[in-house]
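1. Sequence and predicted structure are below.
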Amino acid sequence: MSRQTGTPAVVDSHAHCGVIDRSFAQGPDDYVDALSGADIEGAAFFSPVYEIYDRYDPWFKDTPEWRRRRSASNAFLLSLRLPRLTVYPYFFIWNDFAADQIERGHCGIKWHRHAEEPVYHYDNPRCAKAIEEIRRRNLPVVLEEELSNTIRFIREIAAGATVIIPHLGMLNGGFSAIADAGLWEIETVWADTALAASGEIREYIRRYGHQRLMFGSDFPFGSPARELAKVRRLGLSGEVEAAVAGGNFFRLQSQIRWEGS
């Protein structure tokens, strides 16, 4: 199904898909194969991390070759047209803060690092300019960072921007640490269910409602079919399940601003 012909009912809001890094089976055909008959009709795709920077080198220095690699990876997702799946490409931003490469077809921003990996240069003036552009477009940012940087990003660096904390915070310091910091209560902070524990999904909905929660799989590290089944085993009402499975994703997409839209 294409974006032009209809709206998928179920969208995986968190999946990796690449063209350069073959460390994992994570190409578009691999994702489709992993659906295993699940009724997932759309997926938000992010470039694999190793197509963006060398995550295994904490002293990584950017080079023209890595900039070329990033550009090729982001362009690949933007060009994808699959017969059985609607693709929603996210732009993976790194320390060149190449906001000029964000195009109308992009559906969000991926902002990612783990502890012991190369750091984002948050004090670079280009970072502020990129965030200004992200805010202007109201593009959602999938932010996977250490806890201190997550708090700083949401409350200071990109205050007011729409931020999706993946895995219900598992890799951002943990669900409870995010709750203790008061981030889940902020209206511009969303979450996805990718690899999150069922108990934490239920607790999130109980405490904060379902309106800012989206189904995700973290493919290839999670199975799209199994992650969707996990959400459906929660016993949510039909309305809540439909919102988490896809409705919230489209509500968030409807808030993006482009000239002429």
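-> Received the coordinates, thanks.
2. hey, which helix is longest across this structure?
-> Looking across the chain with DSSP state H, the single longest helix is helix 64-79.
3. Sheet-wise, list the partners of the helix or strand following that one with their directions.
-> Next helix or strand after helix 64-79 toward the C-terminus (DSSP states H and E): strand 86-89. Paired strands of strand 86-89, with direction, are strand 42-46 (parallel) (DSSP bridges).
4. Tell me how far the strand it pairs with lies from the chain's centre.
-> Distance of strand 42-46 from its chain centroid, counting by C-alpha atoms, centre = their mean, to the nearest Å, is 8 Å.
5. list the buried ones in the longest helix of the chain?
-> 66, 69-70, 73-74, 76-78 (16 or more other C-beta atoms under 10 Å). For the C-beta atoms, the positions are set from N, CA and C on the backbone; glycine is no exception.
6. Tell me the one of those nearest Glu200?
-> Comparing these against Glu200 with C-beta to C-beta places Leu77 closest, at 29.0 Å.
7. Let me have the buried residues of helix 64-79 in TSV, extended by pLDDT and distance to Tyr50.
-> Output for these, formatted as TSV (pLDDT from 0 to 100; distance: C-beta to C-beta, whole Å):
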residue	pLDDT	distance to Tyr50
Trp66	97	11
Arg69	97	9
Arg70	97	11
Ser73	98	10
Asn74	97	14
Phe76	98	14
Leu77	98	15
Leu78	97	19
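8. Closest one to Gly247 out of those, please.
-> Leu77 (23.4 Å).
9. ok now do the closest one, which residues does it touch?
-> Leu77 sits next to 17, 45-47, 87, 89-90 when contact means C-beta atoms under 8 Å, 6 or more residues apart in numbering.
10. quick one: which of those residues is nearest to Phe249?
-> Tyr90 (11.9 Å).
11. Cys17 versus the closest one, what's the distance?
-> Distance from Tyr90 to Cys17, counting by C-beta to C-beta, to the nearest Å: 10 Å.
12. what touches both of the two?
-> Residues touching both Tyr90 and Cys17 (C-beta under 8 Å, 6+ apart): 45-46, 77.
13. Let me have the residues you listed in CSV, extended by distance to His106.
-> Listed next are these as CSV, based on distance: C-beta to C-beta, whole Å:
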residue, distance to His106
Phe45, 11
Phe46, 11
Leu77, 9
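14. If we only consider these, which is nearest to Leu183?
-> Phe46 (21.2 Å).
15. All the strands of the stretch 1-150 of the chain, residue numbers only.
-> In the stretch 1-150 of the chain, the strands defined using DSSP state E, counting those that start in this stretch lie at 11-16, 42-46, 86-89, 91-92, 109-112, 141-144.
16. Out of those strands, flag the one nearest Asp100.
-> Here strand 91-92 is closest among the strands of the stretch 1-150 of the chain (C-beta to C-beta), at 10.9 Å.
17. helices and strands around that closest one, which ones?
-> Using 3 or more C-beta pairs under 8 Å, 6 or more residues apart in numbering; DSSP states H and E as the contact test, the elements touching strand 91-92 are helix 64-79, strand 109-112.
18. would JSON lines of these with distance to Arg251 be doable?
-> Rendered in JSON lines, the data for the helices and strands packed on strand 91-92 read as follows (distance: least, C-beta to C-beta, whole Å):
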{"stretch": "helix 64-79", "distance to Arg251": "22"}
{"stretch": "strand 109-112", "distance to Arg251": "18"}
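19. Identify whichever of the ones you listed lies nearest to Phe215.
-> Phe215 lies closest to strand 109-112 among those, at 17.3 Å (C-beta to C-beta).
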